[in-house]
Every structure is written in structure tokens, then in C-alpha cells.
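Sequence and computational prediction follow.
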Amino acid sequence: MTSSDGSTPSHPQQAATRLVTAGRDTKAQKGFVNPPVFHGSTVLYPTAEDLHAHRAEFTYGRHGSPTTRALQDVLMALEGPQCAGVGLAPSGLASISTTLLAVLKTGDHLLVCDNAYRPTRNFCDNMLKRYGIETSYFDPLIGAGIETLFKPNTRAVLIEAPGSQTFEMPDVRAISAVTHARGALMIDDNTWATPLYHRSLEQGVDISMQAGTKYIGGHSDIMFGTIAANAKAWPLIQEAIRLLGVCAGPDDVYLALRGVRTLSVRLAQHHRSGLEIARWLGARPEVDRVLHPALDTDPGHAIWKRDFTGASGLFSIVLKPVPQTAVDAMLNALTLFGMGFSWGGFESLAIPFDCSDYRTATKWSPGGPTLRLHIGLENLDDLKADLDRGFAALKAAL
């Protein structure tokens, strides 16, 4: 890798440095630090011979621009040496659907962790089913026992580490070893930790997806997705992106590039703040337990400690039994914690959830109401005061 001035570093750069230096060519940008936003569809060729041969660095707006290439270079550096390419999509869900359409065909069987992102389940249970692809769901804690669920036509396994909303931590290494032994592909939704804290391609994953809407963008102002793949899977992803016409808008690409430059410092703060609030909540009398794999009390902590170098600001809590009206009173009393269905931005969020009606391989029965929290970049004392206000409203509503 070369630096922005064209020189070669004398020693391997750390991830935080690569996030700043990768994908930058200040000479080509006439001295400016950031590349311009290329709004364009048509790319002109200088000669008929060039046109016939498609001889150009860029050929059509849908296939990329200098801005998209800069972002892809950064993301490849972040994903690590196992990454053969990174595709860009207009949303996290588009990354998931594109990946599944890339690797599956009619008659195939797919294994999906039971705590997957619900829109992932919806895509599998509706569109993939219509295309003659069978989906089976499994306990995310199954580990190497997943071998008993394989069929002769099992083509891929999809996991989330940790799982959506409930944060169970699968053993990625054990599951991927079985998956590869059976000739299937391993897919990971790596949005929670990002490749900065979880290099899943180095742990046996073939395709690692992210909702770049979250921490890559970091400011709650874009819809964006990424698909990183190793050398085995990248040709499938590359072909699907081309055939499906998947591309991200130039302004979102630019904002993702701008956001990823500060990913290291932002995610470090989310990690610290998230853990402090999680521990504080764990000591509250209103809270039954905290679902956060980076806590040493969490059942998935050993795997998190082995495979991850950090955590994000997203986790859940189980409240002691109270009526829903009391939970709603708590949410309505919060002023810093907003209520919204995304996360990963600079702001703190809180939403109730209940996945008991759609989990099929496991039973979700937490014993009390559940809230998913995202800890943003606000002052921690202010966030604790806001939660105090919420808990006071909860008690008053009983």
C-alpha cells in the first residue's frame, strides 16, 4: 500500500492509519484531501477503437467512479488481506439480498441463524421461497453441531455475530469449519462490530456484509451497504452486482468515504460509552439483565474476547416484569434517547422489541420487557440522567 504522497510505508500500518490513508491520491485530486463527487452516467471514449475494446479506466456510471474506487480501497484495507473485493450497495438489506441471490439457485438449501436481522428472514421466507430455495433456521449457539442440519443441497450458512436484538454470540470458527468441510459458503452480517473490530474473513467467513448506514456512515444521513468477499466468493458477488444493476448513489458513496475516515475514533468512543452504560444498567434495580457480549458476565463473552478486538454501542436490556404502559412511560420520558429503528449514528436510541413471534429454532422468553439501546456520543452523565428520568417515569406508571 502506498501513502497519499505516493511513498511506501516502512512498516505495516495499523487499521486506524489505513482508514485515513487508503484510497487517497492527492496528486490526482490536484492537492485536495478528498476526491470529488462524480455525478455521471456516461463515460466518453477518445477513439472508436477504445470504444470497441471498452478500453477505459471507467466505462459507465453504474460500474463505478473515482469516488467509489477510493471507498472500495479503504474498505478492502479495513477488511484485511483475505479480501479480494468489496461491492457497494444502496442499503444494508440490498447487500444481504444481493449476496443471497449471488450464491443461491433454485433447489438450494440455506441455513440461517435464528437471531438474524428480521428483514433477512423476510427475504428468505418470501422471495427466496418463491424462487424454490429452502431456508432452515438454527440455534446460533449450535457451534459444530450445525453439521446435523446440513443437507446434500445446502449451499450456504448465514450468521450474525452477535445476533440481532438478542446478541447471542455464535462460534464463527466452529461453524465455518463445518461449512467448508461440507462444501458450502459462510456468510456473516458484520454490521455490529465492523471489520475494524471483527475481521470475519480471517476467521473462515467467505462473504462479510455490513449495513454501512450504521457505523461506516456514522451520522444517520445515508443508506448504504457493503459486501466484502474472499477470492473464492468474490467472482459470484461481482457477477451478481453487474447482473442486478446494484449501485450506490454518488453522494452516499462520498458520505460513506467521509464517515469511514473517522470510524476508528468514533467506534472507540461507542465501545467505551456502551460498556459503561451497560455496567451501570446492570446495577439498576429495574433491570433483570444486560445482553452485551463484551461484558464478562455475558454467556458469549469468551467467544467475543477470542474473536473481537472491540465492541460497538449497541446492546439490549431485559427489564424486570412491568406492564407495557410503564415501559412506554419510560420511553416517552427520555429526551436524549430517541426512538428510531436504525443505529450507528452519533445519537443515542432506545426501542422496545419482542422477537418471540418469529423465532422458530429457539424460544425467546426473556421474562420481562426488552429494550434495545444504542449509546451515542453524548456525555455519559447526561445519558445516565436521562435514563434516571425514564426509570422514574416507569415507576410512577406502576
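Looks like it arrived, so ask away. This structure is a prediction, so every number in the text was calculated from the model and none was measured. Numbering: from 1, shown residues only.

shaky segments in the protein?
Regions of the chain meeting the criterion pLDDT under 70 cover residues 1-11.

Double-check that Val86 belongs to a strand.
Yes - applying DSSP: H, G, I helix; E, B strand; the rest coil, one finds Val86 inside a strand.

count of residues packed around it?
24 (other CB atoms under 10 Å). Where you see a C-beta, it was placed from the backbone N, CA and C, and this is true even at glycine.

dump the residue contacts of it.
72, 75-76, 79, 226-229 (CB atoms under 8 Å, 6 or more residues apart in numbering).

Is it bridged to anything, and to what?
On the basis of DSSP bridges, Val86 is bridged to Ala228.

Mind telling me what element the residue nearest to Gly204 when sequence neighbours are not counted is part of?
Distances taken as CB to CB, 6 or more residues apart in numbering place Ser176 nearest to Gly204, at 2.8 Å, with adjacent residues excluded. Following DSSP states H and E, the helix or strand that holds Ser176 is helix 172-181.

for that helix, packing partners?
Packed against helix 172-181 by the contact rule (3 or more CB pairs under 8 Å, 6 or more residues apart in numbering; DSSP states H and E) you find strand 154-160, strand 185-189, helix 301-307.

So Met127 sits against Ser97, correct?
Yes - the pair formed by Met127 and Ser97 meets the contact definition of CB atoms under 8 Å, at 7.5 Å.

give the contact list for the residue nearest to Gly204.
157, 186, 203-205.

Who wins on neighbours among the residues you listed?
Most surrounded of the contacts of Ser176: other CB under 10 Å gives Val205, at 29 neighbours.

Let's verify it: helix, strand, or coil?
Val205 - assigned by three-state DSSP - is coil.

buried residues in stretch 129-140?
The neighbour-count check on stretch 129-140 (16 or more other CB atoms under 10 Å) flags 133-140 as buried.

of these, closest to Pro162?
Pro140 (8.3 Å; CB to CB).

so what's the closest one up against?
113-115, 159-160, 163, 168-170, 362.

what do you get for Ala229?
So Ala229 contacts 83-87, 201, 206-208, 236-237 (CB under 8 Å, 6+ apart).

Same question for Ala28.
Here Ala28 is in contact with 35, 66 (criterion: CB under 8 Å, 6+ apart).

got the phi/psi numbers for it?
Dihedral pair for Ala28: phi -70, psi -30, per degrees, to the nearest 10.

That one and Asp139, how far apart?
51 Å (CB to CB, to the nearest Å).

again with Leu377
35 Å.

next one: Gly64
40 Å.

what's the most distant pair in the contacts of Ser176?
Taking CB to CB, no two of the contacts of Ser176 sit farther apart than Val157 and Gln203, at 13.4 Å.

What helices and strands are in contact with the helix or strand hosting Ala77?
Assigned by DSSP H and E, Ala77 belongs to helix 66-79. Secondary-structure packing of helix 66-79 (3+ CB pairs under 8 Å, 6+ apart): helix 15-21, strand 85-89, helix 194-197, strand 225-229, helix 250-260.

Put the alpha carbons of that helix into PDB.
Provided in PDB are the C-alpha atoms of helix 66-79 (Å, rounded to 0.1, in the frame of the first residue of the first chain):
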ATOM      1  CA  PRO A  66     -13.000   7.500  -8.900                       C
ATOM      2  CA  THR A  67     -15.100   8.200  -5.700                       C
ATOM      3  CA  THR A  68     -16.400   4.600  -5.500                       C
ATOM      4  CA  ARG A  69     -12.900   3.200  -6.100                       C
ATOM      5  CA  ALA A  70     -11.500   5.300  -3.300                       C
ATOM      6  CA  LEU A  71     -14.100   4.000  -0.900                       C
ATOM      7  CA  GLN A  72     -13.600   0.400  -2.100                       C
ATOM      8  CA  ASP A  73      -9.800   0.800  -1.500                       C
ATOM      9  CA  VAL A  74     -10.400   1.900   2.100                       C
ATOM     10  CA  LEU A  75     -12.900  -0.900   2.800                       C
ATOM     11  CA  MET A  76     -10.500  -3.500   1.300                       C
ATOM     12  CA  ALA A  77      -7.700  -2.300   3.600                       C
ATOM     13  CA  LEU A  78     -10.100  -2.500   6.500                       C
ATOM     14  CA  GLU A  79     -11.300  -6.000   5.700                       C
END
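
who are the neighbours in contact with the nearest residue to His292 once chain neighbours are set aside?
Nearest residue to His292, sequence neighbours excluded (CB to CB, 6+ apart): Phe315, at 3.8 Å. Contacts for Phe315 (CB under 8 Å, 6+ apart) come out as 167, 274, 278, 290-292, 372-373, 375.

Any figure for the gap between Pro299 and Leu291?
Taken as CB to CB, the span from Pro299 to Leu291 is 9 Å.

Pick out whichever of the two has more residues nearby.
Leu291 (23 against 13).

how about the more buried one, phi and psi?
phi -100, psi 90.

hang on, it packs against Thr166?
Yes - the criterion here is CB under 8 Å, and Leu291 meets it with Thr166 at 6.1 Å.

Give the residues shared as contacts by those two.
With CB under 8 Å, 6+ apart, Leu291 and Thr166 have common neighbours Ser316.

quick revisit: mind checking the SS state of the residue nearest to His292?
strand.

Tell me the bridge partners for it.
Leu373.

next one: Leu291
Ser316.

Reformat the contacts of Ser176 as a markdown table; add distance to Asp50.
Compiled in a markdown table, the contacts of Ser176 are given as follows (distance: CB to CB, whole Å):
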| residue | distance to Asp50 |
| --- | --- |
| Val157 | 44 |
| Met186 | 41 |
| Gln203 | 43 |
| Gly204 | 43 |
| Val205 | 39 |
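
and the closest residue to Leu257 other than its chain neighbours, what does it touch?
Leaving aside its sequence neighbours, Leu257 sits nearest to Leu71 (CB to CB, 6+ apart; 4.4 Å). If you count contacts by CB under 8 Å, 6+ apart, Leu71 has them with 23, 88, 253, 256-257, 260.
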